[in-house]
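A.B. asks: Below is the sequence, then the predicted model.
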Amino acid sequence: MTPEALIALFALALGTVWTPGPNNALLASSGARYGFRATIPHALGVAIGFPVMVFATALGLGEVFRAVPLIGEVLRWIGAALLIWLAWKVFNAPAPGTQKGKGRPWRFIEAAAFQWINPKAWIMAISVISVFVTGTAPLLEAALCAGAYLLAGLSSAHGWAGFGAALQRFLSTPIRLRAFNGVMAALILMTVYGLMFADLTA
């Protein structure tokens, strides 16, 4: 992979992982509810779990989607239902410190596992390998794609968690908290809309 291609790959990785989506909305919501430190396992699960999925997809898992389009369609509808449910949970999340607000942030393994059923993650993974994995050096190309997303993901996951944590004091009133939850839920629902028209076999 040429230096120019590496720069383009990293720029794409930064652009895709920083844009609003289910992971970032959930990280911001967790940061706001539980604080930055408590959300670190969630952030690491996202930042590491997705590159692992990219690596596996680049080594051939993406071919399964091309060979069996039904898998992509099943993922599309199951993923949409899951994201709508998550949006509802985020929108109705109670204030931390209340009896109903008792809970915990996601663990590392939960966040990492979520990548495998997150439709936006699949769209991103399939898109990047269709552009940057040529097959001339599959292992190296897979590792470079995964590495780019690891570096970019560490910055975005912790950035979104920090963004939510920074708003904790501002969100101390019920109206502000509900508005914030509504925005985060809307970001997740926007992904559902995009998912309906996405090509999972590209």
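C.D. replies: Perfect, I can see it now.
A.B. asks: Quick check: which element contains the nearest residue to Leu6 once chain neighbours are set aside?
C.D. replies: Taking CB to CB, 6 or more residues apart in numbering, and ignoring the residues beside it in sequence, Leu6 has Leu144 as its nearest neighbour in space, at 6.9 Å. For glycine as for every other residue, the C-beta is placed from the backbone atoms N, C-alpha and C. Mapping Leu144 onto the secondary structure by DSSP states H and E places it in helix 138-166.
A.B. asks: Now the helix or strand following that helix - C-alpha only, PDB.
C.D. replies: Past helix 138-166, further along toward the C-terminus, the next helix or strand under DSSP H and E is helix 174-195. Output in PDB follows, covering the C-alpha atoms of helix 174-195 (Å, rounded to 0.1, in the frame of the first residue of the first chain):
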ATOM      1  CA  PRO A 174     -34.600  16.900  33.800                       C
ATOM      2  CA  ILE A 175     -35.400  19.000  30.800                       C
ATOM      3  CA  ARG A 176     -31.800  19.300  29.600                       C
ATOM      4  CA  LEU A 177     -31.300  15.600  30.300                       C
ATOM      5  CA  ARG A 178     -34.400  14.600  28.200                       C
ATOM      6  CA  ALA A 179     -33.300  16.900  25.400                       C
ATOM      7  CA  PHE A 180     -29.800  15.300  25.400                       C
ATOM      8  CA  ASN A 181     -31.200  11.800  25.400                       C
ATOM      9  CA  GLY A 182     -33.500  12.800  22.600                       C
ATOM     10  CA  VAL A 183     -30.600  14.000  20.500                       C
ATOM     11  CA  MET A 184     -28.600  10.800  21.100                       C
ATOM     12  CA  ALA A 185     -31.600   8.700  20.300                       C
ATOM     13  CA  ALA A 186     -32.200  10.700  17.100                       C
ATOM     14  CA  LEU A 187     -28.600  10.000  16.000                       C
ATOM     15  CA  ILE A 188     -29.200   6.300  16.400                       C
ATOM     16  CA  LEU A 189     -32.500   6.500  14.500                       C
ATOM     17  CA  MET A 190     -30.700   8.300  11.600                       C
ATOM     18  CA  THR A 191     -28.500   5.300  11.200                       C
ATOM     19  CA  VAL A 192     -31.600   3.100  10.900                       C
ATOM     20  CA  TYR A 193     -32.800   5.300   8.100                       C
ATOM     21  CA  GLY A 194     -29.500   5.100   6.300                       C
ATOM     22  CA  LEU A 195     -29.400   1.300   6.900                       C
END
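A.B. asks: Alright, that wraps it up for me.
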